[in-house]
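>>> Show me the folded form of this:
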Amino acid sequence: MKTSFPRRRSGGAAVAAALLAVSGLTLAACSSPAHPAASATIAITPGSGQSSLAGMPGSTATGPVTQPPSAAGSMPAMSMPASAAPTPAGVPVATDSVAIKNFAFAPAAITVKVGTRVTWTNQDSDAHTVTSQNNTGPLNSQALNTGQSFSYTFTTPGTYHYLCTIHPFMTATVTVTR
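Predicted coordinates:
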């Protein structure tokens, strides 16, 4: 199939014309008779259950934009965490195991006694590390693939801040007490 494109158009108009020519669609830019080739008009309308589209001129819709239920799971490579009640930020949890899932350490703050061995287990499909922030502490794991674990026994009281060096936004703390 050979497609010919207009030779001279400026900027985005040339791209739009090329896309329309390839797809075989005609798009009406306005209802002026100066555009006789515009035989089809594509309208954007509210979905089921919507009276208007938020942000459109003349729209009266307010509030946050929400995703329709049919869009849930539309990104199969990403999994969203279940709606479990999260631990309030900054409140340490007494545990000796940390899950690495949904690109986060869970729980993000734990408290243990001196001599406790803490184990981190990667439950994500991406690799992660457990590394003391600024490389100034004892935590320094290799990259952990799905299902792999790293353990460390804390022998000195203090607060240990750590992160994933692959995803530095993933941070957490271990508070060690006597």
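
>>> and M170, what does it touch?
Residues in contact with M170 (CB atoms under 8 Å, 6 or more residues apart in numbering) are I100, F103, A104, F105, H128, L163, C164. All C-beta atoms are positioned from the backbone trio N, CA, C, and that covers glycine.

>>> run the last query once more with 7 Å
Neighbouring residues of M170 by CB atoms under 7 Å, 6 or more residues apart in numbering: F103, A104, F105, H128, L163, C164.

>>> Find the nearest non-adjacent residue to it, please.
C164 (4.0 Å; CB to CB, 6 or more residues apart in numbering).

>>> G115: neighbour count?
10 (other CB atoms under 10 Å).

>>> Could you confirm N134 falls within a strand?
No: read with DSSP: H, G, I helix; E, B strand; the rest coil, N134 is helix and lies in no strand.

>>> how far away is it from F169?
Using CB to CB, to the nearest Å, we find N134 at a distance of 16 Å from F169.

>>> Same question for F105.
11 Å.

>>> Which one's more surrounded, these two?
Counted by other CB under 10 Å, F105 and F169 do not tie: F105 has more neighbours, with 22 against 8.

>>> thought the more buried one was touching A172?
Yes: counting by CB atoms under 7 Å, A172 is a contact partner of F105 at 3.7 Å.

>>> Model confidence for P76, exactly?
Listed pLDDT for P76 reads 46.

>>> Give me the neighbour count for the residue nearest to M170.
26.

>>> For it, what are phi and psi?
With angles defined as degrees, to the nearest 10, C164 sits at phi -100, psi 120.

>>> nearest spatial neighbour of P157, skipping sequence neighbours?
Nearest one to P157, counting by CB to CB, 6+ apart, is V176 at 5.0 Å.

>>> For burial, what's the neighbour tally of the one you found?
19.

>>> Tell me which other helices or strands the host helix or strand of it touches.
Element membership for V176, per DSSP states H and E: strand 171-177. For strand 171-177, the packing partners by 3 or more CB pairs under 7 Å, 6 or more residues apart in numbering; DSSP states H and E come out as strand 109-113, strand 158-163.

>>> low pLDDT regions in the protein?
1-90 (pLDDT under 70).

>>> rerun at 50
Along the chain, the parts satisfying pLDDT under 50 run over 6, 8-10, 13-23, 25-41, 53, 56, 59-86.

>>> hmm, back to that, contact partners for the residue nearest to M170?
Residues in contact with C164, defined by CB under 7 Å, 6+ apart, are H128, T129, M170.

>>> The first one and N122 touch, don't they?
Yes: applying CB under 7 Å as the test, H128 and N122 come out as touching, 5.3 Å apart.

>>> more crowded one of the two?
Neighbours were counted for H128 and for N122 using other CB under 10 Å; H128 has more, 27 against 23.
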